[in-house]
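[1] Would you be able to build a 3D model of this:
(2 chains)
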Amino acid sequence: MTERTVLDAADMRRAMTRIAHEIIEGNKGTDDLVLLGIPRRGVPLATRLGELIADISDRPQGAPGLVGSLDITMYRDDLRSNAYRAPAPTDIPGEGVDGTTVVLVDDVLFSGRTIRAALDALSDLGRPAKVRLAVLVDRGHRDLPIRADHVGKNLPTSSSERVNVSLAEIDGTDAVTISGGRE
Amino acid sequence: MKHLLDTASLTREDAVAILDIAEEMAQVGEREVKKLPVLRGRTVVNLFFEDSTRTRLSFEAAAKRLSADVLNFSAKGSSVSKGESLQDTVQTISAMGADAIVVRHSAAGTAQRLADTGWIDVPVVNAGDGTHEHPTQALLDAFTLRRALGGFPASGAVKDGPRGKGLDGATVAIVGDILHSRVARSNVHLLDRLGADVHLIAPPTLLPWGAETWPVTIHYDLDEAIAGQDFDAVMMLRVQHERMHESFFPNAREYARLWGLSEARLRALPESAFIMHPGPMNRGFEISAAAADSPRALVLDQVENGVSVRMAVLYRLLTGQEETID
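    Numbers count the residues shown, from 1 in each chain, chains lettered A, B, ... in the order given. Model (predicted):
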């Protein structure tokens, strides 16, 4: 089985920095901004975006209430048919999501079903003014009419290939690789 | 996990997993929409052959918060009084479409029977069978204790709760009518599994045969036990008059004096000890008003956590497809 690297640590850092700039630009600053990572790998990515945004904006370093997590396990459409999944914590920073601009953060955008579930989960928590989506990799093959606002890398894949995202916080290294597929 | 029949066969991993899911469920009570779509379109049947207020309501609230439909059956006023058998009652109700059955019965082993006979093919949750077990009560007690002993608020939503942990190192006393108490049996097994040091304190007449084979220390004198041990928590049990067909102690006043948690005994306990009771309480009998209303009492937290823990059990049993090894 072949595995090729499509993003290394430096590529990932550049992509994340660009997304951070885009988010600030799109939101005209950092007011009412909330970044919600989707477990597992969306959570460290959201934390990194939060740090980058604090670095490049005038937002005071360490100011609370920017980054959180949103678990979507209970909103999945395959809860009955797939293996049992343990839910992960949801942590909404600050005063909640009402009236804020929520940026959902995930590692790979594929079928769009995770994001559908995240939108449902979010609407049970409150009513954000806007919801945006930032992903590290968009690999195509959508099942639902969903698109990302901020994409680290568009990655054309065949549906039989696997996209693997490794993050230093979870896996020890930063890399995006593709494996499998028909040769 | 297909059924929840007892805590004796529950592994530590499964128990901690249920407590962790319950931590997530506790968050739902504080949200804008206090419901999860997990069991939408599915039906949970509460089959109660024995009286209950809190357990039935708690299971009903739990199922409804998970968006399930709930059918409630109570034996009083049903065809059971016309002589319908357990098998026919259960099969009739499951023919109306049940995805899970929560059962309480005065006969020990009823839940096991429903799970084993093949009368029905859905998950069974034991909500109390005779004097055998009441596993969800033990789980909610463990959840409450894990919170309280970890220094967290005993109920309600907590962001970084004590996930993944057991009750290792805790010293817990269970006091009173052990003989008739399914809550005590379920708690003994679960507390031991979670690493707690369990002490049973009761008159010899209210201890079951074989209690000395359980993983517990037995005391026959409440004052001596309190003086000799630093308990982290004391669970008072209700004296179950409805199951007592002979005399186990001379009279109620003597029981209250020797085995009740009086104000003086409350003072003799360590300052940090928590007071628990599965309810319903007989005030002035096994527990004094001073103990029941003290800030160390977790009785209402136990009730609140019951809903979260039962949501976690239903979630665990009704989602995901698993190979069951029976």
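
[2] helix or strand right after the helix or strand hosting residue A:17?
    Using DSSP states H and E, residue A:17 falls within helix A:9-27. Using DSSP H and E, the helix or strand that follows helix A:9-27 in sequence is strand A:33-37.

[3] how about that next one against chain B, any contact?
    No: residues of strand A:33-37 are not located near chain B by C-beta under 8 Å from any C-beta of the partner chain, the shortest gap being 14.3 Å. In this view, the C-beta of every residue, glycine as well, is placed from N, C-alpha and C.

[4] Sheet-wise, list the partners of that strand with their directions.
    Using DSSP bridges, the strands paired with strand A:33-37 are strand A:67-69 (parallel), strand A:101-109 (parallel).

[5] quick one, the last one and helix A:9-27 angle?
    What it means is strand A:101-109. Taking axes from the mean of the first three to the mean of the last three C-alpha atoms, to 10 degrees, one finds that strand A:101-109 is oriented at 150 degrees with respect to helix A:9-27.

[6] what residues does chain B put near chain A?
    Counting by C-beta under 8 Å from any C-beta, chain B sits next to chain A at B:17, B:20-21, B:23-24, B:27, B:31-33, B:35-38, B:159-160, B:163, B:315-316, B:319-322.

[7] Pick out the residue of chain B closest to chain A.
    Per C-beta to the nearest C-beta, residue B:320 is where chain B lies closest to chain A, at 2.7 Å.

[8] for the helix holding residue A:17, packing partners?
    Secondary-structure packing of helix A:9-27 (3 or more C-beta pairs under 8 Å, 6 or more residues apart in numbering or on different chains; DSSP states H and E): strand A:33-37, helix A:42-56, strand A:130-138, strand A:150-154, strand A:175-180.

[9] Show the contacting residues for the closest residue to residue A:12 other than its chain neighbours.
    Distance criterion C-beta to C-beta, 6 or more residues apart in numbering or on different chains; nearest residue to residue A:12, sequence neighbours excluded, is residue A:174 at 5.1 Å. If a contact means C-beta atoms under 8 Å, 6 or more residues apart in numbering or on different chains, then residue A:174 has A:8-9, A:12-13, A:166-168 as its contacts.

[10] again, only this time at 6 Å
    A:9, A:12, A:168 (C-beta atoms under 6 Å, 6 or more residues apart in numbering or on different chains).

[11] Quick check on the nearest residue to the first one once chain neighbours are set aside: phi, psi?
    The shortest distance from residue A:9 to any residue other than its chain neighbours is 3.9 Å, reached at residue A:174 (C-beta to C-beta, 6+ apart). Residue A:174 adopts backbone torsions of phi -100, psi 120, taken as degrees, to the nearest 10.

[12] what's the single longest helix in chain B?
    Ranked by number of residues, the top helix in chain B under DSSP state H is helix B:299-318.

[13] just how off-centre is it within its chain?
    When C-alpha coordinates are averaged (C-alpha atoms, centre = their mean, to the nearest Å), helix B:299-318 and its chain have centres 10 Å apart.

[14] Kindly export that helix (C-alpha atoms) in CSV.
    What follows is helix B:299-318, C-alpha atoms only, in CSV (Å, rounded to 0.1, in the frame of the first residue of the first chain):
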residue,chain,number,x,y,z
VAL,B,299,-30.2,13.0,48.3
LEU,B,300,-31.6,15.5,45.8
ASP,B,301,-28.4,15.3,43.7
GLN,B,302,-28.9,11.6,43.5
VAL,B,303,-32.4,12.1,42.1
GLU,B,304,-31.2,14.7,39.6
ASN,B,305,-28.3,12.5,38.5
GLY,B,306,-30.6,9.6,38.1
VAL,B,307,-32.0,11.1,34.9
SER,B,308,-28.5,11.6,33.4
VAL,B,309,-27.4,8.1,34.3
ARG,B,310,-30.5,6.5,32.9
MET,B,311,-30.1,8.5,29.7
ALA,B,312,-26.5,7.2,29.5
VAL,B,313,-27.8,3.6,30.0
LEU,B,314,-30.4,3.9,27.3
TYR,B,315,-27.9,5.5,24.9
ARG,B,316,-25.4,2.8,25.6
LEU,B,317,-27.9,0.0,25.0
LEU,B,318,-29.8,1.5,22.1
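
[15] now for that helix, which elements pack on it?
    For helix B:299-318, the elements it packs on are helix B:12-28, helix B:54-65, helix B:135-149, judged by 3 or more C-beta pairs under 6 Å, 6 or more residues apart in numbering or on different chains; DSSP states H and E.

[16] Out of the ones you listed, which one sits most buried?
    Highest mean neighbour count among the helices and strands packed on helix B:299-318 (mean count of other C-beta atoms under 10 Å in any protein chain shown): helix B:135-149, with a mean of 27.

[17] burial count for the closest residue in space to the residue of chain B closest to chain A that isn't next to it in sequence?
    Ranked by C-beta to C-beta, 6+ apart and with sequence neighbours excluded, the top spatial neighbour of residue B:320 is residue A:84, at 2.7 Å. Residues lying near residue A:84 (other C-beta atoms under 10 Å in any protein chain shown) number 15.

[18] ok, and residue A:84, which helix or strand is that part of?
    Using DSSP H and E, residue A:84 is not contained in any helix or strand.

[19] circling back to that earlier point, can you give me the buried ones in the longest helix of chain B?
    Under the neighbour-count criterion of 16 or more other C-beta atoms under 10 Å in any protein chain shown, helix B:299-318 has B:299, B:301-318 buried.

[20] now do stretch A:129-145
    By neighbour count on 16+ other C-beta under 10 Å, the buried set for stretch A:129-145 is A:131-139.

[21] and if you look at stretch B:221-240?
    Quick answer for stretch B:221-240 (16+ other C-beta under 10 Å): B:222, B:225-226, B:229, B:231-240.

[22] now stretch B:248-265
    Applying a neighbour-count criterion of 16+ other C-beta under 10 Å, one finds B:248-249, B:255-256, B:259-262, B:265 buried in stretch B:248-265.

[23] can you check stretch B:160-171 too?
    Taking 16+ other C-beta under 10 Å as the criterion, stretch B:160-171 shows B:161-163, B:166-167, B:170-171 as buried.

[24] Could you do stretch A:144-151 as well?
    Within stretch A:144-151, the residues that count as buried by 16+ other C-beta under 10 Å are A:146, A:148-151.

[25] where along the stretch 151-300 of chain B do the helices fall?
    Ranges of helices in the stretch 151-300 of chain B, per DSSP state H, counting those that start in this stretch, are B:182-193, B:222-228, B:252-259, B:263-268, B:289-292, B:299-318.

[26] OK, contacts around residue B:40?
    Here residue B:40 is in contact with residue B:67 (C-beta under 6 Å, 6+ apart).

[27] will you turn the buried residues of stretch B:248-265 into CSV that also has pLDDT?
    As requested, those are exported to CSV (pLDDT from 0 to 100):
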residue, pLDDT
B:248, 87
B:249, 88
B:255, 92
B:256, 92
B:259, 93
B:260, 95
B:261, 96
B:262, 95
B:265, 96
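
[28] nearest to residue B:279, of those residues?
    residue B:261 (14.3 Å; C-beta to C-beta).

[29] how close does that closest one get to residue B:204?
    Per C-beta to C-beta, to the nearest Å, residue B:261 is found 19 Å from residue B:204.

[30] Could you list the low-pLDDT ranges of chain B?
    Across chain B, the ranges flagged by pLDDT under 70 are B:321-326.

[31] Taking the chain centroid, which residue in it is the extreme one?
    residue B:82 (31.1 Å; C-alpha atoms, centre = their mean).

[32] could you list every residue that touches that residue?
    No residues are in contact with residue B:82 under the rule C-beta under 6 Å, 6+ apart.

[33] For residue B:88, see how far away it is.
    Distance, residue B:82 to residue B:88, using C-beta to C-beta: 11 Å.

[34] same thing with residue B:102?
    Separation of residue B:102 from residue B:88 (C-beta to C-beta) stands at 19 Å.

[35] The two - which one has more neighbours?
    More crowded of residue B:102 and residue B:88, by other C-beta under 10 Å: residue B:102, with 31 against 13.

[36] Quick check: that one is in a strand.
    Yes: applying DSSP: H, G, I helix; E, B strand; the rest coil, one finds residue B:102 inside a strand.
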